[in-house]
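J.: 3D model of this:
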Amino acid sequence: MKINLLLYLTLSVLTFSCKPVVQKQVEDSEKLSLERKEVSKEPIAVFEKKYKDDLNDFRFSVRIYETPKTLWYRMAIEDRGLAVNDTVVFPNLGVEIKPVLKKGKKEMSCLLGFLDQQGNFMGYKEISSGAKGLTIKQTHTYYMSHSKMAK
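T.: A predicted model of the protein is given here:
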């Protein structure tokens, strides 16, 4: 009898103590609309570099386009005549994300990322072309934490 009562009390306390945290997470993520009202047909970010080749007009280019979903973007890549489309899904950090393309460390590479609220570049993926072909690697992972920081 005592064990059942203790188990019931423990479950009750856990159930009631967890509810406010879950509700807060839902409220925070609802601040950002998940659907875009207007989708631009033009690329919102472009990176392009021409290969050093006298015979061919090859390019390495990456273009980022909006989709109807707010955090989803279409990435169109062209590398030596090969056209590739991929979808990039940015994390929901509670604010609208503006994708940015920057030159990478390698000669034919670029970094896909976004600007934080202070305007700092936050890297997310690296797109590169090399001897092994075209590669897309995720370089960083981002998430939003709801726990309070220690003072």
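
J.: And what about residue 147, helix, strand or coil?
T.: Going by DSSP: H, G, I helix; E, B strand; the rest coil, the secondary structure assigned to residue 147 is coil.

J.: count of neighbours near it?
T.: Burial of residue 147, expressed as a neighbour count using other C-beta atoms under 10 Å, amounts to 6. All C-beta atoms are positioned from the backbone trio N, CA, C, and that covers glycine.

J.: Do you know the pLDDT at it?
T.: Here, the pLDDT recorded for residue 147 equals 71.

J.: which residues does it contact?
T.: Residue 147 makes no contacts at all, as judged by C-beta atoms under 8 Å, 6 or more residues apart in numbering.

J.: What's the separation between it and residue 44?
T.: Residue 147 sits 33 Å away from residue 44, going by C-beta to C-beta, to the nearest Å.

J.: what do you get for residue 123?
T.: Shown here: residue 123 relative to residue 44, a distance of 17 Å by C-beta to C-beta.

J.: so the residue lying closest to residue 103 once chain neighbours are set aside bridges to which residues?
T.: Closest residue to residue 103 in three dimensions, ignoring its sequence neighbours and counting by C-beta to C-beta, 6 or more residues apart in numbering: residue 110, at 6.0 Å. When bridges are taken as DSSP bridges, the partners of residue 110 come out as residue 103, residue 127.

J.: again with residue 83
T.: Each beta-bridge partner of residue 83 is listed here, defined by DSSP bridges: residue 78.

J.: That one: neighbour count?
T.: As a burial measure, residue 83 scores 9 neighbours (other C-beta under 10 Å).
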